[in-house]
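Engineer: would you be able to build a 3D model of this:
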Amino acid sequence: MLNIFTLANGRLVQEEIEALEELSKFQPIWVDLESPTVEEKRWIKQYYGLSIPEDAMDEDIEESARFYEEDNGELHIRSDFLIADDENPRSVRVAFILNQHNTELRSRGVLFSIHDEDVPVFRLLRMRARRAPGLIEDAKEVLLKLFDADAEYSADTLENIYDELEIAGRKVLSGNVSDELAGEVLGLIARQEDLNGRIRRNVMDTRRAVSFMMRSRMLNAEQFEEARQILRDIESLDNHTAFLFDKINFLMDATVGFININQNKTIKIFSVASVALLPPTLIASVYGMNFKFMPEVDWSYGYAYAIVLMIISALGPMWYFRRRGWLK
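Structural biologist: Model (predicted):
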(Lines give C-alpha, C1' and ligand atoms only; values in the text may rest on other atoms or scores of the structure.)
Protein backbone atom coordinates (compact mmCIF):
# COMPACT_ATOMS: atom_id res chain seq x y z
CA MET A 1 0.00 0.00 0.00
CA LEU A 2 1.34 3.42 -0.99
CA ASN A 3 0.02 6.49 0.82
CA ILE A 4 1.19 10.07 0.48
CA PHE A 5 0.54 12.92 2.89
CA THR A 6 0.33 16.57 1.95
CA LEU A 7 -0.19 19.73 3.99
CA ALA A 8 -3.47 21.56 3.40
CA ASN A 9 -4.37 24.51 5.62
CA GLY A 10 -1.92 23.28 8.21
CA ARG A 11 -3.44 19.81 8.33
CA LEU A 12 -2.05 16.49 7.14
CA VAL A 13 -4.11 15.09 4.27
CA GLN A 14 -3.81 11.44 3.22
CA GLU A 15 -4.06 10.21 -0.36
CA GLU A 16 -3.83 6.59 -1.49
CA ILE A 17 -1.87 6.14 -4.71
CA GLU A 18 -2.90 3.42 -7.15
CA ALA A 19 -0.98 4.47 -10.27
CA LEU A 20 2.32 6.15 -11.13
CA GLU A 21 0.56 9.06 -12.83
CA GLU A 22 -1.18 10.05 -9.59
CA LEU A 23 2.16 10.95 -7.94
CA SER A 24 2.52 14.05 -10.10
CA LYS A 25 -0.74 15.51 -8.74
CA PHE A 26 0.59 16.04 -5.22
CA GLN A 27 3.47 17.68 -3.37
CA PRO A 28 3.82 15.40 -0.35
CA ILE A 29 5.96 15.79 2.76
CA TRP A 30 5.54 12.15 3.73
CA VAL A 31 5.31 8.99 1.62
CA ASP A 32 4.35 5.86 3.57
CA LEU A 33 4.87 2.42 2.07
CA GLU A 34 3.23 -0.45 3.95
CA SER A 35 4.29 -3.86 2.60
CA PRO A 36 5.22 -2.22 -0.72
CA THR A 37 5.03 -4.25 -3.90
CA VAL A 38 7.81 -4.35 -6.47
CA GLU A 39 5.71 -2.10 -8.68
CA GLU A 40 5.23 0.52 -5.96
CA LYS A 41 8.99 0.56 -5.31
CA ARG A 42 9.49 1.07 -9.04
CA TRP A 43 7.13 4.06 -8.96
CA ILE A 44 9.17 5.63 -6.15
CA LYS A 45 12.40 5.02 -8.06
CA GLN A 46 10.98 6.37 -11.31
CA TYR A 47 9.28 9.51 -9.98
CA TYR A 48 11.34 10.48 -6.93
CA GLY A 49 14.70 9.01 -7.95
CA LEU A 50 14.86 7.12 -4.66
CA SER A 51 16.04 3.52 -4.50
CA ILE A 52 14.68 1.62 -1.51
CA PRO A 53 17.44 -0.68 -0.19
CA GLU A 54 16.70 -4.38 -0.26
CA ASP A 55 17.91 -4.68 3.34
CA ALA A 56 15.71 -1.82 4.56
CA MET A 57 13.95 -4.10 7.06
CA ASP A 58 16.95 -6.16 8.16
CA GLU A 59 17.28 -6.79 11.89
CA ASP A 60 20.69 -5.14 12.27
CA ILE A 61 21.41 -3.83 15.76
CA GLU A 62 24.68 -2.02 15.08
CA GLU A 63 24.19 1.73 15.15
CA SER A 64 26.34 2.23 12.05
CA ALA A 65 23.96 -0.02 10.08
CA ARG A 66 20.78 1.61 11.36
CA PHE A 67 21.58 5.34 11.50
CA TYR A 68 23.71 6.80 8.73
CA GLU A 69 23.86 9.43 5.98
CA GLU A 70 24.64 8.63 2.36
CA ASP A 71 27.02 10.69 0.23
CA ASN A 72 24.05 11.98 -1.77
CA GLY A 73 22.54 13.52 1.37
CA GLU A 74 19.98 10.82 2.11
CA LEU A 75 19.47 10.27 5.81
CA HIS A 76 18.66 6.65 6.77
CA ILE A 77 17.07 5.73 10.08
CA ARG A 78 15.82 2.28 11.01
CA SER A 79 13.78 2.23 14.16
CA ASP A 80 11.46 -0.21 15.95
CA PHE A 81 7.88 0.65 16.88
CA LEU A 82 5.83 -1.21 19.45
CA ILE A 83 2.58 -3.03 18.77
CA ALA A 84 1.07 -3.83 22.18
CA ASP A 85 -1.26 -6.56 20.94
CA ASP A 86 -2.84 -8.62 23.74
CA GLU A 87 -2.21 -11.92 22.00
CA ASN A 88 1.08 -11.17 20.26
CA PRO A 89 2.98 -8.07 21.43
CA ARG A 90 5.84 -7.30 19.06
CA SER A 91 8.06 -4.64 17.54
CA VAL A 92 7.89 -3.61 13.89
CA ARG A 93 10.99 -2.40 12.06
CA VAL A 94 10.42 0.83 10.11
CA ALA A 95 12.96 2.28 7.69
CA PHE A 96 12.97 6.06 7.19
CA ILE A 97 14.71 7.83 4.32
CA LEU A 98 14.95 11.61 4.12
CA ASN A 99 16.67 13.57 1.37
CA GLN A 100 17.62 16.99 2.77
CA HIS A 101 20.13 18.42 0.33
CA ASN A 102 19.86 16.97 -3.18
CA THR A 103 17.73 19.55 -5.01
CA GLU A 104 17.95 17.68 -8.30
CA LEU A 105 15.56 14.98 -7.04
CA ARG A 106 11.86 15.29 -6.32
CA SER A 107 12.49 13.40 -3.08
CA ARG A 108 14.05 16.46 -1.44
CA GLY A 109 12.16 17.40 1.69
CA VAL A 110 10.02 14.26 1.60
CA LEU A 111 10.09 11.63 4.34
CA PHE A 112 9.77 8.04 3.13
CA SER A 113 8.76 5.30 5.58
CA ILE A 114 8.82 1.59 4.75
CA HIS A 115 7.35 -1.12 6.99
CA ASP A 116 5.69 -4.53 6.73
CA GLU A 117 2.51 -3.95 8.75
CA ASP A 118 0.32 -1.19 10.10
CA VAL A 119 1.78 0.61 13.12
CA PRO A 120 -0.52 2.09 15.82
CA VAL A 121 1.77 5.10 16.25
CA PHE A 122 1.32 6.01 12.58
CA ARG A 123 -2.45 5.90 12.94
CA LEU A 124 -2.22 8.07 16.05
CA LEU A 125 -0.13 10.73 14.28
CA ARG A 126 -2.41 10.76 11.21
CA MET A 127 -5.46 11.29 13.43
CA ARG A 128 -3.82 14.12 15.37
CA ALA A 129 -2.43 15.85 12.29
CA ARG A 130 -5.85 15.89 10.66
CA ARG A 131 -7.46 17.51 13.69
CA ALA A 132 -4.74 19.92 14.83
CA PRO A 133 -3.72 22.61 12.30
CA GLY A 134 -0.07 23.59 12.44
CA LEU A 135 1.02 20.44 14.24
CA ILE A 136 3.37 19.53 11.39
CA GLU A 137 5.34 21.90 9.18
CA ASP A 138 7.79 19.71 7.26
CA ALA A 139 9.14 16.18 6.85
CA LYS A 140 11.51 16.48 9.82
CA GLU A 141 8.55 17.45 11.97
CA VAL A 142 6.75 14.28 10.84
CA LEU A 143 9.68 12.15 11.96
CA LEU A 144 9.92 13.91 15.32
CA LYS A 145 6.18 13.61 15.93
CA LEU A 146 6.33 9.90 15.15
CA PHE A 147 8.99 9.37 17.80
CA ASP A 148 7.05 11.58 20.21
CA ALA A 149 3.89 9.55 19.60
CA ASP A 150 5.90 6.35 20.04
CA ALA A 151 7.03 7.49 23.49
CA GLU A 152 3.44 8.38 24.39
CA TYR A 153 2.18 5.02 23.11
CA SER A 154 4.77 3.28 25.27
CA ALA A 155 3.66 5.35 28.28
CA ASP A 156 0.02 4.34 27.73
CA THR A 157 1.06 0.69 27.48
CA LEU A 158 3.01 0.99 30.74
CA GLU A 159 -0.13 2.28 32.44
CA ASN A 160 -2.02 -0.77 31.17
CA ILE A 161 0.74 -3.01 32.52
CA TYR A 162 0.42 -1.34 35.91
CA ASP A 163 -3.35 -1.93 35.89
CA GLU A 164 -2.86 -5.62 35.03
CA LEU A 165 -0.28 -5.99 37.80
CA GLU A 166 -2.70 -4.38 40.24
CA ILE A 167 -5.24 -7.08 39.39
CA ALA A 168 -2.59 -9.77 39.83
CA GLY A 169 -1.49 -8.22 43.12
CA ARG A 170 -5.01 -8.28 44.55
CA LYS A 171 -5.35 -11.96 43.63
CA VAL A 172 -2.00 -12.90 45.16
CA LEU A 173 -2.33 -10.85 48.33
CA SER A 174 -5.86 -12.10 49.03
CA GLY A 175 -4.18 -14.84 51.07
CA ASN A 176 -6.17 -17.74 49.58
CA VAL A 177 -4.06 -18.74 46.58
CA SER A 178 -4.75 -22.14 45.08
CA ASP A 179 -2.39 -23.83 42.65
CA GLU A 180 -4.78 -23.04 39.77
CA LEU A 181 -4.95 -19.36 40.71
CA ALA A 182 -1.17 -19.24 41.17
CA GLY A 183 -0.67 -20.67 37.67
CA GLU A 184 -3.05 -18.09 36.21
CA VAL A 185 -1.30 -15.24 38.00
CA LEU A 186 2.15 -16.46 36.94
CA GLY A 187 1.01 -16.51 33.31
CA LEU A 188 -0.34 -12.94 33.61
CA ILE A 189 2.86 -11.71 35.28
CA ALA A 190 5.03 -13.39 32.63
CA ARG A 191 3.09 -11.68 29.81
CA GLN A 192 3.42 -8.27 31.46
CA GLU A 193 7.13 -8.83 32.09
CA ASP A 194 7.66 -9.64 28.42
CA LEU A 195 5.71 -6.54 27.34
CA ASN A 196 7.59 -4.35 29.82
CA GLY A 197 10.88 -5.62 28.42
CA ARG A 198 9.75 -4.85 24.87
CA ILE A 199 8.82 -1.33 25.91
CA ARG A 200 12.23 -0.80 27.50
CA ARG A 201 13.95 -1.98 24.33
CA ASN A 202 11.63 0.15 22.21
CA VAL A 203 12.28 3.40 24.10
CA MET A 204 16.02 2.67 24.04
CA ASP A 205 15.78 2.39 20.26
CA THR A 206 13.77 5.64 20.07
CA ARG A 207 16.39 7.39 22.18
CA ARG A 208 19.12 6.32 19.78
CA ALA A 209 17.14 7.54 16.77
CA VAL A 210 16.33 10.94 18.29
CA SER A 211 19.93 11.37 19.45
CA PHE A 212 21.10 10.65 15.90
CA MET A 213 18.77 13.33 14.55
CA MET A 214 20.17 15.82 17.05
CA ARG A 215 23.76 14.95 16.16
CA SER A 216 23.11 15.22 12.42
CA ARG A 217 22.25 18.94 12.80
CA MET A 218 19.15 18.53 10.68
CA LEU A 219 16.84 20.19 13.23
CA ASN A 220 16.15 23.86 13.75
CA ALA A 221 16.19 25.38 17.23
CA GLU A 222 12.53 24.65 17.96
CA GLN A 223 12.75 21.09 16.69
CA PHE A 224 15.98 20.55 18.64
CA GLU A 225 14.23 21.57 21.86
CA GLU A 226 11.34 19.25 21.01
CA ALA A 227 13.82 16.41 20.53
CA ARG A 228 15.33 17.15 23.94
CA GLN A 229 11.85 16.97 25.48
CA ILE A 230 11.32 13.57 23.86
CA LEU A 231 14.56 12.35 25.43
CA ARG A 232 13.41 13.62 28.84
CA ASP A 233 10.12 11.75 28.41
CA ILE A 234 12.01 8.61 27.49
CA GLU A 235 14.17 8.94 30.60
CA SER A 236 11.05 9.04 32.76
CA LEU A 237 9.76 5.92 30.96
CA ASP A 238 13.04 4.16 31.77
CA ASN A 239 12.50 4.85 35.46
CA HIS A 240 8.92 3.58 35.26
CA THR A 241 9.93 0.36 33.49
CA ALA A 242 12.52 -0.23 36.24
CA PHE A 243 9.80 0.25 38.87
CA LEU A 244 7.53 -2.21 37.05
CA PHE A 245 10.33 -4.77 36.85
CA ASP A 246 10.69 -4.52 40.65
CA LYS A 247 6.92 -4.92 41.10
CA ILE A 248 6.88 -7.89 38.73
CA ASN A 249 9.71 -9.56 40.66
CA PHE A 250 7.86 -8.98 43.96
CA LEU A 251 4.62 -10.48 42.65
CA MET A 252 6.52 -13.38 41.09
CA ASP A 253 8.28 -14.13 44.39
CA ALA A 254 5.01 -13.81 46.34
CA THR A 255 3.19 -16.17 43.97
CA VAL A 256 5.99 -18.74 44.05
CA GLY A 257 5.99 -18.40 47.85
CA PHE A 258 2.29 -19.32 48.01
CA ILE A 259 2.92 -22.29 45.72
CA ASN A 260 5.65 -23.44 48.14
CA ILE A 261 3.27 -23.00 51.07
CA ASN A 262 0.66 -25.18 49.34
CA GLN A 263 3.29 -27.81 48.63
CA ASN A 264 4.46 -27.68 52.25
CA LYS A 265 0.87 -28.26 53.42
CA THR A 266 0.70 -31.41 51.32
CA ILE A 267 4.08 -32.61 52.55
CA LYS A 268 3.01 -31.87 56.16
CA ILE A 269 -0.04 -34.11 55.79
CA PHE A 270 2.16 -37.00 54.65
CA SER A 271 4.61 -36.30 57.46
CA VAL A 272 1.85 -36.28 60.12
CA ALA A 273 0.34 -39.47 58.70
CA SER A 274 3.74 -41.16 58.78
CA VAL A 275 4.35 -40.18 62.41
CA ALA A 276 0.81 -41.16 63.46
CA LEU A 277 1.22 -44.63 61.96
CA LEU A 278 4.52 -45.33 63.70
CA PRO A 279 2.98 -46.59 67.02
CA PRO A 280 0.53 -48.99 65.28
CA THR A 281 3.40 -50.23 63.15
CA LEU A 282 5.44 -50.85 66.30
CA ILE A 283 2.58 -52.79 67.91
CA ALA A 284 2.05 -54.86 64.79
CA SER A 285 5.76 -55.57 64.64
CA VAL A 286 5.83 -56.74 68.27
CA TYR A 287 2.92 -59.12 67.86
CA GLY A 288 4.27 -60.31 64.58
CA MET A 289 7.32 -61.81 66.31
CA ASN A 290 7.54 -65.60 66.31
CA PHE A 291 8.55 -66.05 69.93
CA LYS A 292 7.37 -69.23 71.64
CA PHE A 293 6.14 -67.57 74.83
CA MET A 294 3.71 -64.68 74.05
CA PRO A 295 0.70 -64.69 76.43
CA GLU A 296 -1.57 -62.75 74.08
CA VAL A 297 -1.16 -65.35 71.32
CA ASP A 298 -3.27 -67.92 73.20
CA TRP A 299 -5.73 -65.31 74.51
CA SER A 300 -9.14 -65.47 72.86
CA TYR A 301 -9.40 -61.65 72.79
CA GLY A 302 -5.76 -61.16 71.75
CA TYR A 303 -6.56 -60.20 68.14
CA ALA A 304 -9.21 -57.64 69.09
CA TYR A 305 -6.96 -56.32 71.82
CA ALA A 306 -4.12 -55.71 69.32
CA ILE A 307 -6.46 -54.00 66.83
CA VAL A 308 -7.91 -51.66 69.48
CA LEU A 309 -4.45 -50.90 70.79
CA MET A 310 -3.23 -49.97 67.29
CA ILE A 311 -6.26 -47.72 66.70
CA ILE A 312 -5.74 -45.93 70.02
CA SER A 313 -2.02 -45.52 69.34
CA ALA A 314 -2.85 -43.92 65.95
CA LEU A 315 -5.61 -41.62 67.25
CA GLY A 316 -3.50 -40.44 70.19
CA PRO A 317 -0.86 -38.67 68.04
CA MET A 318 -3.57 -37.30 65.71
CA TRP A 319 -5.40 -35.78 68.68
CA TYR A 320 -2.15 -34.28 69.97
CA PHE A 321 -1.25 -32.82 66.54
CA ARG A 322 -4.72 -31.31 66.14
CA ARG A 323 -4.57 -29.77 69.61
CA ARG A 324 -1.22 -28.16 68.78
CA GLY A 325 -2.66 -26.83 65.50
CA TRP A 326 -0.28 -28.75 63.28
CA LEU A 327 -3.07 -30.11 61.07
CA LYS A 328 -4.37 -26.68 59.96
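Engineer: which parts of the stretch 201-328 of the chain are helices?
Structural biologist: 221-276, 278-287, 302-323 (DSSP state H, counting those that start in this stretch).
Engineer: those helices: which one's closest to D118?
Structural biologist: Among those, helix 221-276 comes nearest to D118, with 22.8 Å by CB to CB. Any C-beta I mention is one placed from the backbone N, CA and C, and that applies to glycine too.
Engineer: rewinding a little: of the helices of the stretch 201-328 of the chain, which is nearest R78?
Structural biologist: Each of those has some distance to R78 by CB to CB; the shortest is helix 221-276, at 17.8 Å.
Engineer: that closest one - contacts with which helices or strands?
Structural biologist: Using 3 or more CB pairs under 8 Å, 6 or more residues apart in numbering; DSSP states H and E, the elements in contact with helix 221-276 are helix 139-172, helix 179-215, helix 302-323.
Engineer: worst-scoring helix or strand of this protein, pLDDT-wise?
Structural biologist: Of all helical and strand segments in the chain, the minimum by mean pLDDT, DSSP states H and E falls on helix 63-66, at a mean of 68.
Engineer: one step back: any chance of CSV for the helices and strands packed on helix 221-276, columns mean pLDDT and mean neighbour count?
Structural biologist: Output for the helices and strands packed on helix 221-276, formatted as CSV (pLDDT from 0 to 100; neighbours: other CB atoms under 10 Å):
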stretch, mean pLDDT, mean neighbour count
helix 139-172, 90, 19
helix 179-215, 89, 18
helix 302-323, 81, 14
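Engineer: Throw those into a markdown table and include distance to G288, thanks.
Structural biologist: Formatted as a markdown table, these follow (distance: least, CB to CB, whole Å):
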| stretch | distance to G288 |
| --- | --- |
| helix 139-172 | 51 |
| helix 179-215 | 40 |
| helix 302-323 | 10 |
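Engineer: just so I know, which of these lies nearest E15?
Structural biologist: helix 139-172 (15.1 Å).
Engineer: and the closest one, how far out from the chain middle?
Structural biologist: Computed by CA atoms, centre = their mean, to the nearest Å, the separation of helix 139-172 from the middle of its chain amounts to 10 Å.
Engineer: do stretch 222-232 as well
Structural biologist: That offset, for stretch 222-232, works out to 26 Å (CA atoms, centre = their mean).
Engineer: show me what contacts V210?
Structural biologist: L144, F147, A227, I230, L231, I234 (CB atoms under 8 Å, 6 or more residues apart in numbering).
Engineer: in terms of contact, does the last one touch V203 like I think?
Structural biologist: Right, the one you point to is I234. Yes: using CB atoms under 8 Å, I234 is in contact with V203, at 4.9 Å.
Engineer: dump the contacts of V210 into JSON lines; add distance to G10 as well.
Structural biologist: JSON lines is the format used below for the contacts of V210 (distance: CB to CB, whole Å):
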{"residue": "L144", "distance to G10": "17"}
{"residue": "F147", "distance to G10": "21"}
{"residue": "A227", "distance to G10": "22"}
{"residue": "I230", "distance to G10": "22"}
{"residue": "L231", "distance to G10": "27"}
{"residue": "I234", "distance to G10": "28"}
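Engineer: ok, the residue nearest the centre of the chain to S236 distance?
Structural biologist: Residue closest to the average C-alpha location in the chain (CA atoms, centre = their mean): L195, at 0.7 Å. Distance, L195 to S236, by CB to CB, to the nearest Å: 18 Å.
Engineer: now do L165
Structural biologist: Distance of L165 to S236, given as CB to CB: 19 Å.
Engineer: now K145
Structural biologist: Applying CB to CB, the value for K145 to S236 is 19 Å.
Engineer: residue ranges for the strands of the stretch 1-150 of the chain, please.
Structural biologist: Assigned by DSSP state E, counting those that start in this stretch, the strands in the stretch 1-150 of the chain fall at 2-8, 11-16, 30-34, 67-69, 74-83, 90-99, 111-115.
Engineer: by contact count, what packs against the first one?
Structural biologist: What that stands for is strand 2-8. Strand 2-8 packs on strand 11-16, strand 30-34, helix 38-48, going by 3+ CB pairs under 8 Å, 6+ apart.
Engineer: now do the contacts for Q100.
Structural biologist: G73, L75, R108, G109, M218.
Engineer: distance to R131 for the helices of the stretch 201-328 of the chain - can I get that in a markdown table?
Structural biologist: Output for these, formatted as a markdown table (distance: least, CB to CB, whole Å):
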| stretch | distance to R131 |
| --- | --- |
| helix 221-276 | 19 |
| helix 278-287 | 80 |
| helix 302-323 | 71 |
